[in-house]
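S.K.: this is a predicted model, with the sequence first.
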Amino acid sequence: MSILRPDREFDSVDKIPLELLRSWGIRCVLIDRDNTCFPRDTWEPPQEICAWTRSARDAGMALCMISNNFHGRDVCASAARLGMDCVHHAMKPAPFAVWAALARMGVPAEQAVLVGDQVFTDLAAGNLAGVRTILVRPLSRSDMWYTHLFRVGERLVLHEDPFQPKD
């Protein structure tokens with residue numbers, strides 16, 4: 001298995017069936033912030049994602065946001081808005097922040113999943129750390145300039161037309 005391939009793909013976080021996570025034995029959901037839970041161009045998460053995180057917590061799953069974002073206060077505020085812990089300055093694709101989050105949450109890698117919108121950061125970090133991974137579509141087309149370049153590479157890795165914009 002490639003470190004750049006997800007276990008599953010969904011259109012958005014709220015489309016991930018909690019029954020699937022339970023069938024995998026998942027007790028902890030590690031989740032990216034920018035364009036996974038929060039559109040890059042807004043401070044508000046979609047209501048569907050708020051409802052999904054509530055349902056996951058109600059189902060007994062621990063939640064932790066793992067973000068490469070260097071604005072620690074912003075990441076912590078976003079995580080608090082969704083009722084979860086957080087790790088910022090994650091430096092994904094390095095797996096160290098994933099391991100730190102697992103230790104903080106008291107969950108072994110085989111009982112965790114990392115959900116993110118980027119192949120070269122989120123999926124690579126999760127797969128290197130030994131957790132299952134789920135790829136979701138970005139919530140917004142707004143991204144950092146260098147992320148737009150990575151998106152072309154992602155489409156090649158995922159065997160999609162790199163010049164065809166994703167809807």
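M.R.: Received it, and whenever you're ready, just let me know what you need.

S.K.: doesn't Ser78 belong to a strand?
M.R.: No. Per DSSP: H, G, I helix; E, B strand; the rest coil, Ser78 lies outside any strand segment and is helix.

S.K.: give me the mean pLDDT for stretch 54-67.
M.R.: Per-residue pLDDT over stretch 54-67 has a mean of 97.

S.K.: correction: stretch 126-144
M.R.: pLDDT averaged over stretch 126-144 gives 86.

S.K.: how near is Asp18 to Ala101?
M.R.: Just to correct that, residue 18 is Leu rather than Asp. Distance of Leu18 to Ala101, given as C-beta to C-beta, to the nearest Å: 20 Å. Using the backbone N, CA and C atoms, a C-beta is placed for each residue, glycine as well.

S.K.: one more: Met84?
M.R.: Distance, Met84 to Ala101, using C-beta to C-beta: 10 Å.

S.K.: give me the more crowded residue out of the two.
M.R.: Ala101 (25 against 20; other C-beta atoms under 10 Å).

S.K.: CA atoms only: put stretch 6-15 into PDB for me.
M.R.: C-alpha atoms of stretch 6-15 as PDB (Å, rounded to 0.1, in the frame of the first residue of the first chain):
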ATOM      1  CA  PRO A   6      -6.400   6.500   1.400                       C
ATOM      2  CA  ASP A   7      -8.300   3.600   2.900                       C
ATOM      3  CA  ARG A   8     -11.500   5.400   1.700                       C
ATOM      4  CA  GLU A   9     -12.700   8.600   0.000                       C
ATOM      5  CA  PHE A  10     -15.800  10.700   0.700                       C
ATOM      6  CA  ASP A  11     -17.000  14.000  -0.600                       C
ATOM      7  CA  SER A  12     -16.900  15.600   2.800                       C
ATOM      8  CA  VAL A  13     -16.500  14.800   6.500                       C
ATOM      9  CA  ASP A  14     -20.200  14.600   7.100                       C
ATOM     10  CA  LYS A  15     -20.600  11.900   4.500                       C
END
